[in-house]
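Asks: Mind looking at a prediction? Sequence and model below.
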Amino acid sequence: MYQLQRDAEQYSATATPAAAAAPNETTAKALENATLNPRFYTTDFDEMNRISVETVREQWDELIAEFRRDPNKDHFKRTAEFEADFSQLDPRLRREFIEFLTSSVTAEFSGCILYAEIKKRCRNQDVRDLFGVMSRDEGRHAGFINHVLNDFNVQVDLGFLTRAKKYTFFKPKYIYYATYLSEKIGYARYITIFRHFEQHPDKRFHPIFKWFENWCHDEFRHGEAFALLMRANPSVTAGLNRYWIRFFLLAVFSTMYVRDHLRRDFFGYMGIDVDDYDRRVIRLTSTISKQVFPLEIDLDNPAIWARFEKMYQLNKAMAEGKGGVLAKLKVAANFIGLFLTPVKDNAVPADVRMQPVW
């Protein structure tokens, strides 16, 4: 049932890239390590092994029990709707949809690999319990997406990807920030798309979007786990680490803004205005992140959105082969400007747990 999870445990983050046959085109696309593409990560497993959750034990045990109940164990099953003929999709929409799925399956499987490796390398039972069930969820998501790709006669070779893709080392606290935000922003993205299609079912060109509501609750639950880890280890959100939190908030928000705007046509096919969508998703993610972060980006400041837009324009120029090294320098300078824009302090709530109500 959890073949992808077993694959993740088989191909560890320390595996030597195999001298295998060249990957297919879609796998090669997923293999790219461009700035805007999902990456594979590794971390300091000894430090992860020393994690203590005793200060949040009651909430931790409740969350692990929820994971074990596995609310979505019967959710990711295909129906007859997936057997429909999608050959009449506009070729441009088909290409954009495949790129969207490829990026999504890479992100989901990278989480599956990292979580499985943490479980494998740690003896701490709390850590093993958590990352085992999260790897299960991410593997299930990746397999579901990959099956849809196969319907379009393309498939990401996840085994090859695991062995050949480069891994980025992140300290555990960076894993907390980045993964917490990726899970929460994933929730915000999926629920916003799902609600849009509830109102505009004529724009839903593929049945996978009907699965997004329950799917995004997995994402939300994963984020809750990282919120508890950070609350149990308060030093990671205090002192100089506040600057790292600011960095990751801005990096995640600006990357999403750029990536989505580069795919403006795809959102147009869904009847979604990408500017409105990104503002909704970023604001929702910012609201959620107040559960654990002691600061928030001032999204009422027009300068923030102006710099997000400038980041998109610079990346668009680079994608078109314009600007060269100067464009990269401008991107860096623009991000520094983002980072120096004042933020708001946030008093985190006494109870870190949150339930999705959007």
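Replies: Now that the structure is in, tell me what you want to look at.
Asks: Which secondary structure state does residue 220 sit in?
Replies: Secondary structure assignment for residue 220 (DSSP: H, G, I helix; E, B strand; the rest coil): helix.
Asks: pretty sure it is touching residue 184, no?
Replies: Yes. Contact between residue 220 and residue 184 holds when scored by CB atoms under 8 Å: they sit 7.1 Å apart. From N, CA and C alone the C-beta is placed, and that goes for glycine too.
Asks: Comparing the two, which residue is more hemmed in?
Replies: Between residue 220 and residue 184, counted using other CB atoms under 10 Å, residue 184 has the larger neighbour count: 28 against 20.
Asks: which residues touch that one?
Replies: In this structure, residue 184 makes contact with 219, 220, 223, 285, 288, 289, judged by CB atoms under 8 Å, 6 or more residues apart in numbering.
Asks: what does residue 55 give?
Replies: For residue 55, the contacting residues are 231, 232, by CB under 8 Å, 6+ apart.
Asks: And for residue 273?
Replies: When contacts are counted by CB under 8 Å, 6+ apart, residue 273 is found next to residue 267.
Asks: where in this protein is pLDDT low?
Replies: Of all residues in the chain, those with pLDDT under 70 make up the ranges 1-39, 158-165, 357.
Asks: What ranges does it have for its helices?
Replies: Along the chain, counting by DSSP state H, helices occupy 3-10, 25-31, 45-49, 57-69, 91-121, 125-151, 158-164, 172-199, 212-232, 241-262, 264-269, 274-289, 302-319, 324-340.
Asks: And the ones you listed: which comes nearest residue 82?
Replies: Minimum separation from residue 82 across the helices of the chain (CB to CB) falls at helix 125-151, 6.6 Å.
Asks: now that closest one and helix 172-199, what's the angle there?
Replies: Regarding helix 125-151 and helix 172-199, their directions subtend 40 degrees when assessed with axes from the mean of the first three to the mean of the last three CA atoms, to 10 degrees.
Asks: Surely residue 167 touches residue 114?
Replies: No. Using CB under 8 Å, residue 167 makes no contact with residue 114, being 9.1 Å away.
Asks: Of those two, give the one with the bigger neighbour count.
Replies: Neighbours per residue (other CB under 10 Å) separate residue 167 from residue 114, with residue 114 holding more: 24 against 19.
Asks: Grab the nearest non-local neighbour of that one.
Replies: The shortest distance from residue 114 to any residue other than its chain neighbours is 5.2 Å, reached at residue 41 (CB to CB, 6 or more residues apart in numbering).
Asks: tally of neighbours for the one you found?
Replies: Close neighbours of residue 41, defined as other CB under 10 Å, add up to 19.
Asks: buried sites along stretch 234-243?
Replies: Taking 16 or more other CB atoms under 10 Å as the neighbour-count basis, stretch 234-243 is seen to contain the buried residues 236, 237, 241.
Asks: Dump these to CSV, plus distance to residue 53.
Replies: Supplementary listing: the buried residues of stretch 234-243 in CSV, determined by distance: CB to CB, whole Å:
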residue, distance to residue 53
236, 13
237, 15
241, 19
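Asks: closest to residue 354 among those residues?
Replies: Ranked by distance to residue 354 (CB to CB), those are led by residue 237 at 15.7 Å.
Asks: these two touch, right, that closest one and residue 244?
Replies: No. Taking contact to mean CB under 8 Å, the distance of 9.3 Å between residue 237 and residue 244 leaves them out of contact.
Asks: next one: stretch 252-270 to chain centre, how far?
Replies: Relative to the centre of its chain, stretch 252-270 is centred 14 Å away, using CA atoms, centre = their mean, to the nearest Å.
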